[in-house]
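Visitor: Can you look at this prediction? I've put the sequence above it.
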Amino acid sequence: MANPKAGPQRSDWQRNHERLVATAAALVARDGAQVSLEEIAREAGVGSATLHRHFASRQALLEEVFRDEVERLRRRAGELAGGDPRTGLVTWLEELTTAAANTRGLPASLAAGADVDAPDGDTCHDIVREATVVLVSRALAVAAVRPEVSPDDLLTLVEAVSRVTEGDPLTAHRLLRLVLDGICP
């Protein structure tokens, strides 16, 4: 999230911003998405007020921490949308679950992002949901999944599996396969 003031940023503002994001990424990877904002500020070498000037909320900070991974996932969904609809959806769900299980704090952040009203509709949650909608729609069109399957149901399942298997992508993959067996006709 950029500074709300328009125009180019001062170099010290930019340095502090980058340091806060890098520090938050390291601490979230170590301690999870609920890491103390005060600890992030302290570790970044800035005051709590500076952190709050850069990020209006914990979710705003997490959005930026996870943005690169979510953008990678968006590109991957675009690639998968060009192939077989069932394979594309299954591969997407597997890769999303693995990324979420490997990226501590991402599942909680994606779930919380559903409640964020971003003016541009471009939260991490929005990006992942949009990709899922496209892939589910394609799979539904060719009856590759049961008709009652919804994108939001699948995202809830991915979130649940990845939360309980955080740091264990092999178990996440195995549990997801069990779920996928239930959604396919």
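Guide: Sure thing, it's come through.
Visitor: what residues does stretch 12-22 touch?
Guide: 3, 9, 40-41, 44-46, 50-51, 54-55, 61, 64-65 (CB atoms under 8 Å, 6 or more residues apart in numbering). Using the backbone N, CA and C atoms, a C-beta is placed for each residue, glycine as well.
Visitor: List the neighbours of the longest helix along the chain that are in contact with it.
Guide: In the chain, taking DSSP state H as the definition, the longest helix is helix 58-80. Contacts with helix 58-80, where a contact means CB under 8 Å, 6+ apart, come from 1, 20-21, 24-25, 28, 33, 37, 40, 51, 54-55, 87-89, 91-92, 95-96, 99, 103, 105-106, 109-110, 112-113, 116, 123-124, 127-128, 130-132, 134-135.
Visitor: List buried residues within those residues.
Guide: 1, 20-21, 24-25, 28, 33, 37, 40, 51, 54-55, 88-89, 91-92, 95-96, 99, 103, 105-106, 109-110, 112-113, 116, 123-124, 127-128, 131-132, 134-135 (16 or more other CB atoms under 10 Å).
Visitor: Let's see which of these end up in helices.
Guide: Cross-referencing those against helices under DSSP H gives 20-21, 24-25, 28, 37, 40, 51, 54, 88-89, 91-92, 95-96, 99, 106, 109-110, 112-113, 124, 127-128, 131-132, 134-135.
Visitor: Could I get the buried residue list for stretch 169-182?
Guide: Of the residues in stretch 169-182, Pro169, Ala172, His173, Leu175, Leu176, Leu180 count as buried by neighbour count, 16+ other CB under 10 Å.
Visitor: next one: stretch 34-42
Guide: Val35, Leu37, Ile40, Ala41.
Visitor: can you tell me which residues contact the first one?
Guide: In this case it means Val35. Neighbouring residues of Val35 by CB under 8 Å, 6+ apart: Ala24, Leu27, Val28.
Visitor: Give me the contacts around the helix or strand of the chain with the lowest mean pLDDT.
Guide: Here the helix or strand of the chain ranked lowest by mean pLDDT, DSSP states H and E is helix 106-113, holding a mean of 75. Residues outside helix 106-113 that contact it (CB under 8 Å, 6+ apart) are 32-34, 59, 62-63, 65-66, 69, 99-100, 123-126, 128, 155, 158-159, 162-163, 166.
Visitor: and the angle from it to helix 58-80?
Guide: Here helix 106-113 runs at 110 degrees with respect to helix 58-80, directions being taken by axes from the mean of the first three to the mean of the last three CA atoms, to 10 degrees.
Visitor: can you list the weak-confidence ranges in this structure?
Guide: 1-9, 113-121, 185 (pLDDT under 70).
Visitor: Break the chain into its domains for me.
Guide: Here the domain parsing of the chain from automatic domain parsing is 11-56, 66-183.
Visitor: if we can go back for a sec, list only buried entries from the contacts of helix 106-113.
Guide: Neighbour counting by 16+ other CB under 10 Å classes 33, 59, 62-63, 65-66, 69, 99-100, 123-126, 128, 155, 158-159, 162, 166 among the contacts of helix 106-113 as buried.
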